[in-house]
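>>> what shape does this take:
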Amino acid sequence: MLSPMNRNILKAYAASFLKNLQFFGPISVPYFLDWLRVDYTRMFMLQAWFLFWVFILEVPTGVVADKFGRKMSVAIGCLLFAADMLFFGLSRNYSLLFAAEFLGAVGMTLISGADQALLYDSLVALKAQERARFYFSRYEAAGTLGLLIAFPIGSWIAGLRNYPSLLPMPFALTTLSAVLAAGMFFSMREPPRAKPKEHFLKMGMIGLHTLFARRELRAYVLNAVTIASVTFFAFWFYQPVAQRAGLGVTYLGFIGAGFNLFSAILLANVSILEKVIGVRRLLVLTAFLPAILFIALGFVHLLAFAIPALFILVGCKMVRVPILNELIHRHVESENRATVISSVSLLERFVTFLFYPVVGQLADMDRSLNYAMWLLGGVCLAFAIGTRLSGRHLAGA
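Predicted coordinates for the structure are as follows:
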């Protein structure tokens with residue numbers, strides 16, 4: 001019979017799967033452009049508003065998870081995300097979506113860091129923390145499997161009939177999966193741990209100070225957040241890039257599912273990739289290759305090039321996650337873990353927030369998206385060079 005902590009691991013995988021049954025994923029850009037009739041600038045203005053509140057709330061909600069319970073934090077976060085999706089499914093009022101995205105921001109920050117901390121503390125209770133990166137890989141793979149299943153269904157529904165009348169339906173379906181994820185997280189057992197006694201604001205300052213005060217941790221965090229913030233835009237632009245190359249909306253979910261399957265295969269074989277390529281070279285490769293691909297996508301519009309390029313770009317982004325997560329967790333104490341990890345997420349969201357207005361304006365200036373691709377590629381290249389990890393940083397990794 002499985003112990004409560006072993007059941008926690010399995011429940012974490014199931015919850016990650018349910019949380020990532022995001023049926024709206026492959027049709028989010030068509031939803032804004034064809035259903036709400038807003039341009040890239042207003043689309044990214046709404047997303048900047050969302051990230052503003054994520055930035056404001058990231059550390060406070062991490063403190064909530066550390067002081068009052070991580071499973072409760074994540075479960076409530078999933079319910080608020082469900083409410084956000086319900087607004088998108090039922091409303092066509094662009095202004096009202098700002099309220100929806102506020103709820104979504106609160107939900108995301110309650111989840112961010114706390115779900116990883118809950119999984120890691122379960123591993124500590126099982127004395128399995130030395131293999132944390134492989135459990136994190138499986139956790140990410142379970143979430144990727146959810147996307148793999150949900151994406152084709154979402155785009156298929158959107159393209160069934162009378163386009164674009166069914167574009168809100170995938171958002172409504174995502175509401176249900178988020179509620180189920182909340183139930184799964186709530187059923188987990190909170191691992192025993194020391195709870196911090198510091199004041200709410202003091203803990204938030206400790207989380208941010210920890211990131212910058214420790215040299216090794218600072219190097220991992222800067223490399224993680226800069227590359228992740230730029231490659232994040234691949235999830236926004238794969239839809240218009242594929243449509244520009246001649247693909248219909250019905251098939252967008254299959255593209256999204258395809259690159260998520262590719263990522264899941266890579267995540268399931270992270271240990272093999274590390275042995276064959278080496279951790280340092282793997283992190284360097286997955287930072288420089290996206291930069292090259294972004295720039296190339298600005299020049300080459302052929303479907304035969306765009307699809308493999310998107311697969312590799314997203315795969316690079318995903319492979320970095322468990323490796324850098326494990327390196328970061330290794331340098332963080334348990335009682336402040338959710339707060340510190342939330343601080344990492346805060347920095348990533350802040351960098352993305354800064355790019356939203358510029359990228360949106362460039363996308364509207366040139367509907368072929370070339371300017372936006374070139375900007376993302378150039379910035380990614382600069383970050384890859386400026387935050388490159390040395391052998392000293394990765395000694396013993």
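
>>> any weak-confidence spans in this protein?
Per-residue confidence for the chain (pLDDT under 70) gives these ranges: 1, 59-63, 193-215, 333-339, 342, 391-397.

>>> most centrally placed residue in it?
Phe232 (7.5 Å; CA atoms, centre = their mean).

>>> could you find the closest non-adjacent residue to that one?
Spatially, and ignoring its direct neighbours in sequence, Phe232 is nearest to Thr352 (5.6 Å; CB to CB, 6 or more residues apart in numbering). Bear in mind the C-beta positions are built from the backbone N, C-alpha and C, glycine included.

>>> and the helix or strand containing the one you found, what does it pack against?
Using DSSP states H and E, Thr352 falls within helix 337-365. Where contact means 3 or more CB pairs under 8 Å, 6 or more residues apart in numbering; DSSP states H and E, helix 337-365 is packed against helix 40-68, helix 114-125, helix 200-213, helix 215-231, helix 303-329, helix 370-386.

>>> now with 6 Å?
helix 40-68, helix 114-125, helix 200-213, helix 215-231, helix 370-386 (3 or more CB pairs under 6 Å, 6 or more residues apart in numbering; DSSP states H and E).

>>> how many neighbours does Leu21 have?
Residue crowding around Leu21 was assessed by other CB atoms under 10 Å; the count is 24.

>>> next up, identify which helix or strand the closest residue to it other than its chain neighbours is on.
Excluding the flanking residues, the one nearest Leu21 by CB to CB, 6+ apart is Ser177, at 3.6 Å. In this assignment (DSSP H and E), Ser177 forms part of helix 169-186.

>>> chain center to that helix, what's the gap?
Per CA atoms, centre = their mean, to the nearest Å, the displacement of helix 169-186 from the mean C-alpha position of its chain is 17 Å.

>>> packing partners of that helix?
For helix 169-186, the contact count by 3+ CB pairs under 6 Å, 6+ apart identifies helix 4-19, helix 70-90, helix 132-158 as packing neighbours.

>>> by contact count, what packs against the longest one?
In terms of contacts (3+ CB pairs under 6 Å, 6+ apart), helix 132-158 is packed against helix 4-19, helix 114-125, helix 169-186, helix 252-268, helix 303-329.

>>> packing partners for the second one?
The one in question is helix 114-125. The contact analysis (3+ CB pairs under 6 Å, 6+ apart) places helix 114-125 against helix 4-19, helix 70-90, helix 132-158, helix 337-365.

>>> run the angle between it and helix 70-90 for me.
Angle, helix 114-125 to helix 70-90, by axes from the mean of the first three to the mean of the last three CA atoms, to 10 degrees: 150 degrees.

>>> what sits up against helix 114-125?
5, 8-9, 12, 65, 70-71, 73-74, 129, 132, 135, 139, 191, 193, 329, 337-338, 341 (CB atoms under 6 Å, 6 or more residues apart in numbering).
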